[in-house]
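Engineer: Show me how the following folds:
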Amino acid sequence: MTAIETLAGPSMLLSTVEARRIVALSASTPEQRTRLGQFSTSEPIAELMAGMVDLDRLSANARLLDPGAGVGSLTAAIVARLATEDPSRSLEAVAYEIDPGLLEGLHATLGECAAAAEASGLQARFHAYGEDYVESALAALLGSGGLFGANGLAGDGFDLVIMNPPYRKIHSASRERRLLAQLGIEVSNLYTAFLALAVRQLALAELHDDVLHDIVHRAPRTARRAHRHDR
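Structural biologist: As a prediction, this is how the structure comes out:
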């Protein structure tokens, strides 16, 4: 076993993040998870979703978005795969998590991702924002900061979005519905709101329809299985 594998390698990264996820899950209450629409992503599901990504379709300088990141399980799975299979490229990862109780864990995970990337030779940068993804995506897509910041979301869009979106219904008179209506998005829950916003941010990177199909149609079915697994 190499020094990379024992100190900062992909397998150690994923097991460490999984332990962190379990601790965070036990520290939260069912009421809190229901209020935020949270369903955490276990290590096997994160690895499965990361394994669906066709690395050959990513640009040499890939940008990754993980909205509703939790403690960063999905981002860590992507980093572990790149570090193992394709460390010659570079990666910029942007993660959003609105729950302050998870944000410290997310920062810790991204620090470990940076260490694993460095150990493998993968050039990578990581950004975590404890903000509302819907608000920030709206600001980025409208092309103006407006009332909200667009931290990490402005620019040329993303090559890959990997996510397990929150699932919570949003009522017709809610603030989220009013915000989404500014982009012509009419949905009844946060899950589809995240998908609609992510598709538009992928479109900014001028990806082809078949790439969008892989990410948007296949990954959510896996995420729904993760929902049932962690209830």
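Engineer: where do the helices sit along this protein?
Structural biologist: 3-7, 10-27, 30-36, 43-51, 73-85, 100-120, 133-141, 175-181, 190-203, 209-213, 219-230 (DSSP state H).
Engineer: and the third one, what other elements does it pack with?
Structural biologist: For helix 30-36, there is no helix or strand it packs on, judged by 3 or more CB pairs under 8 Å, 6 or more residues apart in numbering; DSSP states H and E. For the C-beta atoms, the positions are set from N, CA and C on the backbone; glycine is no exception.
Engineer: Next up, the contacts around the spatially most central residue of the chain.
Structural biologist: Residue closest to the average C-alpha location in the chain (CA atoms, centre = their mean): residue 66, at 1.5 Å. Contacts for residue 66 (CB atoms under 8 Å, 6 or more residues apart in numbering) come out as 72, 74, 75, 93, 94, 95, 96, 161, 162, 163.
Engineer: biggest separation within those residues, which pair?
Structural biologist: Maximum pairwise distance in these, criterion CB to CB, is 14.6 Å, between 72 and 161.
Engineer: These two - which one has more neighbours?
Structural biologist: residue 72 (30 against 25; other CB atoms under 10 Å).
Engineer: from memory the more buried one sits against residue 104, does it?
Structural biologist: No - look at residue 72 against residue 104 with CB atoms under 8 Å: they stay out of range, at 11.1 Å.
Engineer: what pLDDT does the closest residue to residue 80 other than its chain neighbours get?
Structural biologist: Counting by CB to CB, 6 or more residues apart in numbering, residue 10 is the residue found nearest to residue 80 once chain neighbours are left out, at 3.4 Å. Per-residue pLDDT puts residue 10 at 70.
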